[in-house]
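>>> Pasting the sequence and the predicted coordinates here, then a few questions.
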Amino acid sequence: MHKGSCLCGAVRFEVIGELAPPTACHCSKCRKHTGHYEAGTDVPRSALTVFGEEKVGWYHSSEKVRRGFCTICGSSLFFDPIYRDWVGICMGAFDTPTNTHLAMHIFVADKGDYYDIADGLPQNLQ
């Protein structure tokens, strides 16, 4: 089981099962939501339990996606494609070891100009 929380602890979560290798998304929406690029793993909805769910705020960044954050401390937590059977979880929110390694970078055509991607991982322009 993997456990995580927001900065203030008002929202906590547990994930049952192994975590998929995370991806780093450099799109402008993820950069604005997190303050940098977003690294996240996708888990089946049935594997995720959220405690303090009433403290999760949702911002609909498109017709198909909403982004979850703590309404108290503002921590970025979830990426929810509402018509899919999975939810993305921001890697920085995990409190316990994830036993994963970053798999790839996506939307690198939109990345910020203040950093380079030099880790040798695959990069998708979109």
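Arrived safely, thanks for sending. As the structure is a prediction and not an experimental result, all values here were calculated from the model.

>>> Does anything pack onto the lowest-mean-pLDDT helix or strand in the chain? Which helices or strands?
Least confident helix or strand, the chain: helix 28-34 with a mean of 93, by mean pLDDT, DSSP states H and E. Contact here means 3 or more Cβ pairs under 8 Å, 6 or more residues apart in numbering; DSSP states H and E; on that basis helix 28-34 packs against strand 65-70, strand 76-81. Where you see a C-beta, it was placed from the backbone N, CA and C, and this is true even at glycine.

>>> closest to E14 out of those strands?
Among those, strand 76-81 comes nearest to E14, with 13.0 Å by Cβ to Cβ.

>>> Next, the buried residues of the closest one.
76-80 (16 or more other Cβ atoms under 10 Å).

>>> and these as a markdown table, adding pLDDT and distance to I89?
As requested, those are arranged in a markdown table below (pLDDT from 0 to 100; distance: Cβ to Cβ, whole Å):
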| residue | pLDDT | distance to I89 |
| --- | --- | --- |
| S76 | 97 | 10 |
| L77 | 98 | 7 |
| F78 | 98 | 6 |
| F79 | 96 | 8 |
| D80 | 96 | 10 |
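
>>> For H2, find the nearest of the helices and strands packed on helix 28-34.
Judging the helices and strands packed on helix 28-34 by Cβ to Cβ, what sits closest to H2 is strand 76-81, at 13.5 Å.

>>> Would you mind writing the CA trace of that closest one as PDB?
Provided in PDB are the C-alpha atoms of strand 76-81 (Å, rounded to 0.1, in the frame of the first residue of the first chain):
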ATOM      1  CA  SER A  76      -1.600  19.800  -6.200                       C
ATOM      2  CA  LEU A  77      -2.800  16.200  -5.800                       C
ATOM      3  CA  PHE A  78      -4.800  14.700  -8.600                       C
ATOM      4  CA  PHE A  79      -5.300  14.700 -12.400                       C
ATOM      5  CA  ASP A  80      -8.700  13.300 -13.100                       C
ATOM      6  CA  PRO A  81      -9.800  12.500 -16.700                       C
END
